[in-house]
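Colleague: Below are the sequence and a predicted model for it; my questions follow.
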Amino acid sequence: MTTMIQDALEAYGLNQNEIKVFLALVDIGGGFARDLIDSTKLHKNIVYDNLYKLQEKGLVSEIIIESKKYFQCESPQAIQEFITQKKKKFNTYDQAIQELQEDIQQKKQLPQKTSTRMYTGISGIKQIFSEEIEIGEDYLHIGAPKESVELLGVHFWKNFIRKQEEKNIRGKILFNESLRTYANSIHHELNNIRFLEEHFEPLTEICIYANQVAIIVWSQEPIGTVIENKDVADSYKKYFEILWNQARK
């Protein structure tokens, strides 16, 4: 028998041993179990087991000759009936598979893309805040130290607030305690300000806006890293709320 016939039978649900036994039975035209054992070289238990499976599928029948079971293939129409039943079964699954495909399409999520940008020096840090205003969404700031005023200058921050007011951007800011006096001087209705514990004075400021997180180290030569990723931004927003509830007014 050709390989294509074997592949076809396998495609319709017969296992390899069933195929060997069935095709051997076709080849010899019918016979006793001993004939099939000799023909297939399979163990007798395997031959009997697969003969019974083929009978259940309607492909093989048996008759008793001299108290021995004689096996033969069912009529050629039995193969067609077997295939027809398989096709009907496959057809009933078509709708389920289509629903599965639609479910995959609907729920398939592309991984969040992450971009990272580095800024150095005073001009680079000013660019971060300019981009923050340009985006125009409400922002959260954590840990602004006195160095942020000293390095960028009061004039820059007054200009930042003016642009914020023009775009009606709201901010929630967690200042370091060392900036309480300065915070009072720039207080306006768009900004809600609280203060971190006095002993907690980090040189790092975290700015969260839209899907971006800017981490600024206010060293003498400041360094800023902007991470653009929704999941990262969302996690920092949760972190902000924890600190906000612990901060002092």
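Modeller: Right, received. Where do you want to start?

Colleague: Quick one: distance of stretch 192-206 to the chain centre.
Modeller: 36 Å (Cα atoms, centre = their mean, to the nearest Å).

Colleague: quick one: terminal-to-terminal distance for that stretch?
Modeller: Terminal residues of stretch 192-206 lie 16 Å apart, using Cα to Cα, to the nearest Å.

Colleague: and what of stretch 60-70?
Modeller: Stretch 60-70 has an end-to-end distance of 10 Å (criterion: Cα to Cα).

Colleague: Which residues belonging to it are considered buried?
Modeller: Residues 60, 62 are the ones in stretch 60-70 that count as buried (16 or more other Cβ atoms under 10 Å). Every C-beta, even on glycine, is put in place using the N, C-alpha and C of the backbone.

Colleague: which residues sit against that stretch?
Modeller: 22, 25, 30-33, 51, 54-55, 71-74 (Cβ atoms under 8 Å, 6 or more residues apart in numbering).

Colleague: and that stretch, what's its mean pLDDT?
Modeller: Stretch 60-70 carries an average pLDDT of 88.

Colleague: ok, then the element right after the helix or strand that contains Ile104?
Modeller: Following DSSP states H and E, one finds Ile104 within helix 76-107. Next along the chain after helix 76-107, taking DSSP H and E as the criterion, comes strand 115-120.

Colleague: Alpha carbons of the helix or strand just after that next one, as CSV, please.
Modeller: Using DSSP H and E, the next helix or strand after strand 115-120 towards the C-terminus is helix 121-135. Output of helix 121-135 as CSV, limited to C-alpha atoms (Å, rounded to 0.1, in the frame of the first residue of the first chain):
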residue,chain,number,x,y,z
GLY,A,121,23.4,68.5,32.0
ILE,A,122,21.1,71.4,32.8
SER,A,123,20.0,71.9,29.2
GLY,A,124,19.1,68.2,29.0
ILE,A,125,17.0,68.3,32.2
LYS,A,126,15.2,71.4,31.0
GLN,A,127,14.3,69.5,27.9
ILE,A,128,12.6,66.8,30.0
PHE,A,129,10.4,69.3,31.7
SER,A,130,9.6,71.1,28.4
GLU,A,131,8.5,67.8,26.9
GLU,A,132,6.4,67.2,30.0
ILE,A,133,4.5,70.4,29.5
GLU,A,134,4.3,69.9,25.8
ILE,A,135,2.5,66.5,26.3
